[in-house]
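# No sequence on hand, only this structure:
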């Protein structure tokens, strides 16, 4: 599939401070209801192919899920479909929470 980069929680917090990215949560609605990264936009993995046309393919895009598996699939799918600046959050929201960062 396409090329994407894995990033750490520390790298994501730096990108969020710069304010130059779109953060997409690919977990299910039930998972998201238990908490999400505040800046995240919900787009469950199964809906990604249907909503891909709504997203800017040139924007820096970071995908995350619970531990990083589904978001890696989403990042690879996005990169294979023309997204140019794609990242996967290693460890997902679990790593985010373990770092003591805010959950909404």
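Great, that's in hand. Keep in mind it's a predicted model, so treat the numbers as computed, not measured.

# from here on, contacts and neighbour counts on C-alpha atoms
Noted.

# which SS class is the residue sitting nearest the centre point of the chain?
With distances taken as CA atoms, centre = their mean, the chain has residue 63 as the residue nearest its mean C-alpha position (1.5 Å). Three-state assignment for residue 63 (DSSP: H, G, I helix; E, B strand; the rest coil): strand.

# Give the bridge partners for it, please.
Residues in a beta bridge with residue 63, per DSSP bridges, are residue 24, residue 88.

# Spit out the contact partners of it.
For residue 63, the contacting residues are 23-26, 71-72, 74-75, 86-89, by CA atoms under 8 Å, 6 or more residues apart in numbering.

# if we go to 6 Å?
Shown here is residue 63, whose contacts under the criterion CA atoms under 6 Å, 6 or more residues apart in numbering are 23-25, 71, 88.

# Closest to residue 58 out of those?
Comparing the contacts of residue 63 against residue 58 with CA to CA picks out residue 23 as the nearest, at 13.6 Å.

# Isn't the closest one up against residue 40?
Yes: counting by CA atoms under 6 Å, residue 23 sits close enough to residue 40 to count as a contact (4.8 Å).

# So which of these two has more stuff around it?
Between residue 23 and residue 40, counted using other CA atoms under 10 Å, the more crowded position is residue 23 (23 against 17).

# Tell me the pLDDT of the more buried one.
Per-residue pLDDT puts residue 23 at 97.

# Give me the average confidence score over stretch 72-87.
96.

# Name the residues that touch that stretch?
With CA under 6 Å, 6+ apart as the test, stretch 72-87 has contacts from 1-6, 57-58, 60-62, 88.

# Great, nothing more from me.
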